[in-house]
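Asker: no sequence on this one, just coordinates:
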C-alpha cells in the first residue's frame with residue numbers, strides 16, 4: 001500500500017513539475033517581450049524627438065567626388081566635377097587628399113590635383129569637407145605611398161603627420177573649406193586594405209588638425225551600420241556616419257542583401273549621440289551607386305546586374321531615406337558613377353534623378 005501511494009505521488013508530481021516549468025518560461029517570455037518593447041519604444045521616442053528638433057534646419061545635400069574613381073571609368077575628372085557643378089547644381093563636395101597622390105616622393109609635394117578641385121569649388125561658391133589622413137574613401141581605403149610602405153610606424157607616422165600639416169596649411173584659408181574628415185571609418189576592419197588601427201594615432205591626427213586649424217570643424221566618421229556609440233578619444237566637433245542600403249553579400253549568403261534598418265534607427269542613433277555627447281551626427285556617405293558581385297570592376301558588369309542594387313527608381317527613395325533620418329547634412333556616394341552611366345553607357349537615368357534631387361533640396 002505504501003509503495004502504491006509513493007508511485008501515485010510520483011506520477012502526479014510530473015505534470016505539476018512540467019506546469020511549473022511552463023509557467024516560468026511563460027513569465028520569462030512575457031518579461032522579455034515587455035523589455036524589448038520598452039527599449040524599442042524608447043529608441044523610437046528619441047528618434048521622433050531628434051527628427052522634430054532638426055526639422056527647421058536647412059538641408060545640405062552634397063556628394064563625394066574622387067578624381068581617381070572618375071578616371072577608372074575612363075572619364076575626364078575635371079569635366080566630371082564641372083558637370084556636377086553646372087548641370088546638377090552641386091554646391092557641397094566631400095573631397096579626398098590621398099597621401100600617395102600628393103606626396104609621390106618623400107618630402108616632395110604635388111598639390112595640383114587638389115588645387116584645381118578647390119579652384120572649381122571656390123569659383124562656384126561651393127563648400128568642401130576634406131578627407132585627410134591615411135585612410136580615406138574608396139578602395140583600398142588606406143592610401144600609403146610606396147616609399148613608406150616598408151617603414152615601421154615610428155618612421156611613417158611622423159611622415160604622415162608632416163604631410164597632413166602641409167595639407168591643412170595649404171587649404172585652411174580657402175573660402176570653400178567647411179570642415180575636415182579625419183580618417184575614414186578608422187576602426188572598420190572588414191573592408192579595405194588597412195593594418196593599423198592604433199587609437200593613439202587617430203588622436204594624434206585629430207589634435208594635429210585642430211592645432212593647425214582651430215577655425216574649421218574636424219569630423220570623425222563611424223563605421224557603416226555599426227551598433228553602439230563612439231567611446232574614448234578623440235571627441236570630434238562632429239561625427240559622420242556611412243549608410244549603405246543594398247549590397248552584394250560576398251561573405252555569407254552570396255546574394256543581394258538589403259539592410260533592414262528603418263530610417264528612424266539612424267534618427268535614434270543621431271539623437272542618442274546628441275544626448276550623450278552633445279555632438280551632431282551627419283551622413284558622410286549615403287549609398288547612391290551599385291554594389292554588384294564584382295564591385296571592383298563595375299565596368300565589366302552588365303547594366304542589368306548593376307541595376308539590381310541601385311537604379312534610377314531607387315534614387316529618390318534613397319535620398320528620401322536620408323532625409324527621414326532627420327540628419328540635415330547628407331553626402332551622396334557615387335556621383336562619378338552617375339556620370340559614367342550618362343557619358344559611357346548613354347544612360348541618363350541616374351544623372352536625371354540626381355538633377356531632380358539636387359533641385360529639390
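Answerer: Looks like it arrived, so ask away. Just so we're clear, the structure is a prediction, and the values are computed from it rather than from any experiment. Numbers count the residues shown, from 1 in each chain.
Asker: what helices or strands is the helix or strand containing residue 123 leaning on?
Answerer: Taking DSSP states H and E as the criterion, residue 123 maps to helix 112-124. Counting contacts by 3 or more CB pairs under 8 Å, 6 or more residues apart in numbering; DSSP states H and E, helix 112-124 packs against helix 77-83, strand 92-95, helix 99-102, strand 127-132, helix 153-171. For every residue, glycine as well, the C-beta is placed using N, CA and C.
Asker: what angle do the longest one and strand 127-132 make?
Answerer: In other words, helix 153-171. Counting by axes from the mean of the first three to the mean of the last three CA atoms, to 10 degrees, helix 153-171 points 160 degrees away from the direction of strand 127-132.
Asker: how about the helix holding residue 123: buried residues?
Answerer: 114, 117, 118, 120, 121, 124 (16 or more other CB atoms under 10 Å).
Asker: what element comes up after the helix or strand of the chain with the lowest mean pLDDT heading to the C-terminus?
Answerer: Lowest mean confidence among the helices and strands of the chain (mean pLDDT, DSSP states H and E): helix 2-54, at a mean of 75. Going down the chain from helix 2-54, the next helix or strand is strand 60-64, by DSSP H and E.
Asker: Name the residues that touch that next one?
Answerer: 84, 90-96, 127, 129, 137, 285, 288, 319, 328-335, 357-358, 361 (CB atoms under 8 Å, 6 or more residues apart in numbering).
Asker: do stretch 101-117 as well
Answerer: 65, 67-68, 78, 81, 93, 95, 97, 128, 143, 145, 147-148, 159, 163, 166-167, 170-171.
Asker: Repeat the analysis, applying 7 Å as the threshold.
Answerer: The contact list for stretch 101-117, computed with CB atoms under 7 Å, 6 or more residues apart in numbering, reads 67, 78, 81, 95, 97, 145, 147, 159, 163, 166, 170.
Asker: Stretch 203-220 now?
Answerer: So stretch 203-220 is contacted by 129, 132-133, 161, 164-165, 168-169, 172, 177-183, 233-234, 236-240 (CB under 7 Å, 6+ apart).
Asker: Only whichever of those are buried, select them in PyMOL.
Answerer: Listed next is the PyMOL selection for buried residues among the contacts of stretch 203-220, using 16+ other CB under 10 Å:
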select buried, resi 129+132+133+161+164+168+172+177+178+179+180+181+182+183+234+236+237+238+239+240
